[in-house]
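Student: show me the folded form of this:
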Amino acid sequence: MDKEITRGAPSGAVSEADAAVRVPHDVTDEVVLPDYLPPVGRIISFSAAALDGNRFYDPPSLEASGLLACSVTYAGDGGEIVSYPVNVDYSVKIPVGDGSDGSAQSYFVRTDAGSPVCRATAPRKLSLSAKLTTTVFSVKSSGLTPRVEPDGAGASVEYRLCSVPSSSVKFFRKTGETSGDLPISPAAEGGEQPKIVNCSGVSYVTGVSAAPDSVAVRGETAIACLLLTPDGEYKTVTAKAPFEETLAASPPEAEDGEPGAAAFVRCASVTVSEAGGAFVFTAEHDVDAELWHTVSATAATDAYSAEYVSETVMKETRPVRFCGSVASTVTASGSARMPGAGERFVISTSSRTGGGSSEVTADGRLILSGQCTVTAAVAGDGKAEPVDVTFPFRFEYPLRCACADPTVRWDAAVISADARPDGERLNVTAEVAVSAAVTETGRIGTVDTVRTKENEPVRARRSSVRVFFPDGTATAWDVMRRFCSDPDDVTVLRGGSDPDAPLPKGAAVIVNGR
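Tutor: Reported below is the predicted structural model:
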């Protein structure tokens, strides 16, 4: 019983998580093409990716800004295929609280772009739009030391304690780059080199490892380039390059378990240069990493004064605990009917994911579901037309433990897509890379303030001996609170030594007064 009750107020802190806040917002823009580009005949594909940039905390909101990196590929009025990049600024305010308690707070911010639309409103004028969703996951340090009011003078306050497991977290961001060779055959001496129409890249995580003071992120960047060969044919070439980034952190102040980590990455830009007839690509990527440490603190879940009338003010504490992370791939496929007739072939493909949902089952399995949309430029009859193929994907992964009230943050990207005409249909197979982090939020009531009325001593303690017969639901702690008695003044006969367990019905409890 002495281990459960103490007269000293417990001190400590836990990491308390706010529920992830998701704010939808739209971005639109109008672009006028330069004169050196041909007028728009038919839009073949349009892609948009949100790149998070600056964050500014202005209580009670967090302002996040970034770039929507767009690329439109269209067929000119002469049949040539042209790609044109566009960057659109965005900014959004997310309510995160005013921070009035003065606690330190960390934020994970991620913006996803969905439903990108590009329309030609004039021969050289484009209207762009996309639906963005900015997600903020915040973690703050919450103190567990209760206060005694007005000043606790002469009052002996006793607390019921429990251990609160949680995890501390640090968020990091780093920008890096990868480079490699494109498998393009150089032109013969004096010959014409292939012309690069567009080049896009996708970065994804292949592995994450945690150390007490750092996170190591391994990944790859997949590049796809559309070329116009000297003989007038369009051709797509692909390449991959690995990367590894280490994000350093200060050592934790306290550590009870193995550290854990999660990471998300996005390709920010791709450039291609030519040197000596060879083509080399350079891709820039942004890495967001999380370093988690398991911690435990002692909290007071109840309190009372044995000498004075007291009132306990409770608050809800929501400690967050890291459950695990995953970085892997899954394959999905679909098909769609192609327009027109005759022999057709695929020039290029572009892809996007959307419509995601997540679930953590009772046995600890993480299930991610979404859909892929692959846009293939199908050529035939002297023209190129876009064909959209939309199909679902599903990813399952066993976590190391079951999670209560889980929060899942995840990202998915198509890293390769193979489109094959088959009669009147276009068959597509896509490989999807996923990154996910899973946390759980517990809920516990803790003592925030104990108010004592110093001029009103507890009269119930003036009796010398009381005998209490429990009804089968009361615990030893309930008896002490009811009669405002010290633990040493309570004697339980015929069982009931655990203060947290209900006393057996009919067991006599003797309460000694002072």
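Student: ranges for the strands of the stretch 51-200 of the chain?
Tutor: 61-76, 81-95, 105-122, 125-143, 147-149, 157-181, 195-211 (DSSP state E, counting those that start in this stretch).
Student: save those as a markdown table, and put in mean pLDDT, mean neighbour count and distance to residue 40 too.
Tutor: In this view, the C-beta of every residue, glycine as well, is placed from N, C-alpha and C. Shown next, in a markdown table, are the strands of the stretch 51-200 of the chain (pLDDT from 0 to 100; neighbours: other CB atoms under 10 Å; distance: least, CB to CB, whole Å):
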| stretch | mean pLDDT | mean neighbour count | distance to residue 40 |
| --- | --- | --- | --- |
| strand 61-76 | 91 | 20 | 5 |
| strand 81-95 | 92 | 17 | 9 |
| strand 105-122 | 89 | 17 | 4 |
| strand 125-143 | 90 | 19 | 7 |
| strand 147-149 | 83 | 14 | 67 |
| strand 157-181 | 89 | 18 | 33 |
| strand 195-211 | 92 | 20 | 15 |
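Student: among the ones you listed, which comes closest to residue 49?
Tutor: Closest of the strands of the stretch 51-200 of the chain to residue 49 is strand 61-76, at 5.0 Å (criterion: CB to CB).
Student: in its sheet, what does that closest one sit against?
Tutor: strand 40-58 (antiparallel), strand 81-95 (antiparallel) (DSSP bridges).
Student: can you tell me which residues contact residue 421?
Tutor: By CB atoms under 8 Å, 6 or more residues apart in numbering, the contact list for residue 421 reads 338, 344-346, 378, 427.
Student: repeat the analysis, applying 7 Å as the threshold.
Tutor: 338, 344-346, 378 (CB atoms under 7 Å, 6 or more residues apart in numbering).
Student: before we move on, back to that, ok, which of the strands paired with strand 61-76 comes nearest residue 195?
Tutor: strand 81-95 (10.4 Å).
Student: alpha carbons of that closest one, in PDB - could you do that?
Tutor: C-alpha atoms of strand 81-95 as PDB (Å, rounded to 0.1, in the frame of the first residue of the first chain):
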ATOM      1  CA  ILE A  81       4.700  17.100 -77.500                       C
ATOM      2  CA  VAL A  82       5.800  19.900 -75.100                       C
ATOM      3  CA  SER A  83       6.200  19.900 -71.300                       C
ATOM      4  CA  TYR A  84       6.100  23.100 -69.200                       C
ATOM      5  CA  PRO A  85       6.800  23.400 -65.500                       C
ATOM      6  CA  VAL A  86       4.900  25.800 -63.200                       C
ATOM      7  CA  ASN A  87       5.300  26.600 -59.500                       C
ATOM      8  CA  VAL A  88       2.400  28.000 -57.500                       C
ATOM      9  CA  ASP A  89       2.700  29.400 -54.000                       C
ATOM     10  CA  TYR A  90       0.300  28.300 -51.300                       C
ATOM     11  CA  SER A  91      -0.200  29.300 -47.700                       C
ATOM     12  CA  VAL A  92      -2.600  28.100 -45.000                       C
ATOM     13  CA  LYS A  93      -3.300  28.700 -41.300                       C
ATOM     14  CA  ILE A  94      -4.000  25.700 -39.100                       C
ATOM     15  CA  PRO A  95      -5.500  26.100 -35.500                       C
END
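Student: and for that strand, what's in contact with it?
Tutor: In contact with strand 81-95 (CB under 7 Å, 6+ apart) are residues 21, 23, 25, 27, 29, 31, 33, 37-38, 44, 60-76, 128, 132, 134, 136, 197-198, 234, 384.
Student: related to what we said a few turns ago, how about JSON lines for the strands of the stretch 51-200 of the chain, with distance to residue 301 added?
Tutor: Output for these, formatted as JSON lines (distance: least, CB to CB, whole Å):
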{"stretch": "strand 61-76", "distance to residue 301": "32"}
{"stretch": "strand 81-95", "distance to residue 301": "30"}
{"stretch": "strand 105-122", "distance to residue 301": "25"}
{"stretch": "strand 125-143", "distance to residue 301": "15"}
{"stretch": "strand 147-149", "distance to residue 301": "16"}
{"stretch": "strand 157-181", "distance to residue 301": "5"}
{"stretch": "strand 195-211", "distance to residue 301": "31"}
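Student: quick revisit: so can I have a markdown table of the strands paired with strand 61-76 showing distance to residue 310?
Tutor: Listed next are the strands paired with strand 61-76 as a markdown table, based on distance: least, CB to CB, whole Å:
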| stretch | distance to residue 310 |
| --- | --- |
| strand 40-58 | 38 |
| strand 81-95 | 36 |
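Student: out of these, nearest to residue 122?
Tutor: Nearest to residue 122, of these and by CB to CB, is strand 40-58 at 8.4 Å.
Student: the closest one versus strand 125-143: what angle between them?
Tutor: 20 degrees (axes from the mean of the first three to the mean of the last three CA atoms, to 10 degrees).
Student: nearest to residue 165, of the contacts of residue 421?
Tutor: The nearest member of those to residue 165, counting by CB to CB, is residue 346 at 53.1 Å.
Student: give the pairing partners of the helix or strand where the closest one lies; include direction for each.
Tutor: Secondary structure from DSSP states H and E places residue 346 in strand 345-360. Within its sheet, strand 345-360 is paired with strand 365-380 (antiparallel), according to DSSP bridges.
Student: could you say what helices and strands the helix or strand where residue 272 lies packs with?
Tutor: Using DSSP H and E, residue 272 maps to strand 260-275. Judged by 3 or more CB pairs under 7 Å, 6 or more residues apart in numbering; DSSP states H and E, the packing partners of strand 260-275 are strand 40-58, strand 195-211, strand 214-228, strand 278-305, strand 320-337, strand 425-441.
Student: tell me which residues of the strand holding residue 346 come out buried.
Tutor: Buried residues in strand 345-360, counted by 16 or more other CB atoms under 10 Å: 346-354, 356, 358, 360.
Student: closest to residue 163 out of the residues you listed?
Tutor: Lowest distance from residue 163 to these (CB to CB) belongs to residue 360, with 23.9 Å.
Student: for residue 257, find the nearest of the strands paired with strand 61-76.
Tutor: So among the strands paired with strand 61-76, strand 40-58 is nearest, using CB to CB, at 29.7 Å.
Student: angle of the closest one against strand 157-181?
Tutor: 150 degrees.
Student: hmm, who's touching strand 40-58?
Tutor: Contacts for strand 40-58 (CB under 7 Å, 6+ apart): 62-77, 81, 107, 109-113, 116, 118, 120, 123, 130, 132, 200, 266, 268, 286, 350, 352, 375, 377, 384, 386.
Student: with stretch 173-185 instead?
Tutor: 194, 221, 225, 227, 237, 239, 241, 243, 245, 247, 272, 278-288.
Student: repeat the analysis, applying 8 Å as the threshold.
Tutor: Against stretch 173-185 from outside (CB under 8 Å, 6+ apart): 194, 203, 221, 223, 225, 227, 237-243, 245, 247, 268, 272, 278-289.
Student: please spell out the ChimeraX selection for the buried subset of the residues you listed.
Tutor: Per 16+ other CB under 10 Å, the buried members of the contacts of stretch 173-185 correspond to this ChimeraX selection:
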select :194,203,221,223,225,227,237,239,241,243,245,247,268,272,279,281,282,283,284,285,286,287,288,289
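Student: quick one: least confident helix or strand in this structure?
Tutor: strand 5-6 (a mean of 63; mean pLDDT, DSSP states H and E).
Student: any idea how far the spatially most central residue of the chain is from residue 25?
Tutor: Central residue check for the chain by CA atoms, centre = their mean: the C-alpha nearest the mean position is that of residue 409, 2.8 Å away. Separation of residue 409 from residue 25 (CB to CB, to the nearest Å) stands at 19 Å.
Student: swap in residue 300?
Tutor: From residue 300 to residue 25 the distance is 42 Å (CB to CB).
Student: residue 132 now?
Tutor: For residue 132, the distance to residue 25 - CB to CB - is 5 Å.
Student: residue 312 contacts residue 301, correct?
Tutor: No: judged on CB atoms under 8 Å, residue 312 makes no contact with residue 301 at a distance of 9.9 Å.
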